[in-house]
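Colleague: Need coordinates for the following:
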Amino acid sequence: MAAKTKRIVLKFGSGILTRTKSPGLDPRQFAKLTAEIAALVRAGHQCVTVTSGAVAAGMSALSLHERPTDLATAQASAAIGQSKLMRAYETAFARYKLNVAQLLLTHGDLDSQMRRTNAKNTLERLLAAGNVIPIINENDSVAVEELKFGDNDRLSADVAVLAGADLLILLTQVDGLLDSQGRIVRRVRDIERVKNLVNGEKGRFSVGGMIAKLDAVQTAVDAGIATAIINGRQPHRIAAVVAGEEAGTHFVTRRRSRLTKS
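Modeller: Model prediction:
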């Protein structure tokens, strides 16, 4: 990659991909987010998307109006919704002549040295193509962790480490980490010191919450990957973070990613 280009992992939570008042994917959000990624690719950056949303996408087929709480129904909803989710990405990226590639992972895949190597090799080959956006999701129909705990936050950090990313951006429904007065904390150097600011609230169709995001951020920054949390419903936030501008909350790393350029 050129000196000023980056390898970027973007994590999209369910809350920014679905309609705000009803289950189902929001085409306007897909149009906006894919346009921003396409602009990054045109600028020479390599982008990987870690996405949630399969459960929410499949709820209507099961006549559900709230996110299911039992595992079997959640996994069934994910099995229905995954194809709908990929179709939404495929349609949106096709406007920019970009292809999509689906990778379904579990944490077990990344814990196994052989499967981890295979996943890494596949990811590298897809990125080398230049016109493919890898779309990664937890294999919800068989995995338990994401459905019960992190809304793919942990997976996004693991993927960022696997890919040797320069930057991880977590897109959520709030403007970033907020202090006790509701103001954005612009820069964080010690994650443990700000965990007391988290109230544990989650979105209607989400399962993660800010505490899961901070745990994921810790994994990323410990690996030397710069990380930011931004509002995924506000325009141009992704480009602002990539350009180094003030947007959302930035988490400082003391080490440099092995792919970060001078």
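Colleague: so the closest residue to Asn137 other than its chain neighbours bridges to which residues?
Modeller: Sequence neighbours aside, Thr51 is the residue nearest to Asn137 in space, at 5.4 Å (criterion: Cβ to Cβ, 6 or more residues apart in numbering). For every residue, glycine as well, the C-beta is placed using N, CA and C. Using DSSP bridges, the beta-bridge partners of Thr51 come out as Phe12.
Colleague: So for Thr51, what's the pLDDT?
Modeller: Thr51 carries a pLDDT score of 96 in this model.
Colleague: Relative to Arg187, how far out is it?
Modeller: 27 Å (Cβ to Cβ, to the nearest Å).
Colleague: Of these two, give the one with the bigger neighbour count.
Modeller: Counted by other Cβ atoms under 10 Å, Thr51 and Arg187 do not tie: Thr51 has more neighbours, with 25 against 12.
Colleague: can I assume the residue nearest to Asn137 is in contact with Val9?
Modeller: No: the pair Thr51 / Val9 is not scored as a contact, 11.2 Å apart, by Cβ atoms under 8 Å.
Colleague: shaky segments in the stretch 101-250 of the chain?
Modeller: For the stretch 101-250 of the chain, applying pLDDT under 70 flags the ranges 144-151, 199-208.
Colleague: just the helices in it please.
Modeller: 107-111, 113-129, 145, 153-163, 191-194, 210-222, 237-242 (DSSP state H, counting those that start in this stretch).
Colleague: For Leu71, find the nearest of those.
Modeller: helix 145 (11.3 Å; Cβ to Cβ).
Colleague: CA atoms of the longest helix that the chain contains as CSV?
Modeller: Secondary structure of the chain per DSSP state H: the longest helix is helix 71-94. Taking C-alpha atoms only, helix 71-94 is exported to CSV below (Å, rounded to 0.1, in the frame of the first residue of the first chain):
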residue,chain,number,x,y,z
LEU,A,71,-30.9,-19.1,21.6
ALA,A,72,-32.7,-21.4,19.1
THR,A,73,-35.0,-18.6,17.9
ALA,A,74,-32.1,-16.2,17.6
GLN,A,75,-30.0,-18.6,15.6
ALA,A,76,-33.0,-19.5,13.4
SER,A,77,-33.5,-15.8,12.8
ALA,A,78,-29.8,-15.3,11.9
ALA,A,79,-30.0,-18.3,9.5
ILE,A,80,-32.8,-16.6,7.6
GLY,A,81,-31.4,-13.1,7.9
GLN,A,82,-27.8,-13.7,6.8
SER,A,83,-28.7,-14.0,3.1
LYS,A,84,-30.8,-10.9,3.3
LEU,A,85,-27.9,-9.1,5.0
MET,A,86,-25.4,-10.1,2.2
ARG,A,87,-27.9,-9.2,-0.5
ALA,A,88,-28.2,-5.7,1.0
TYR,A,89,-24.4,-5.3,0.9
GLU,A,90,-24.1,-6.8,-2.6
THR,A,91,-26.8,-4.5,-4.0
ALA,A,92,-25.3,-1.4,-2.4
PHE,A,93,-21.7,-2.0,-3.3
ALA,A,94,-22.6,-2.9,-6.9
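Colleague: Fine by me, thanks again.
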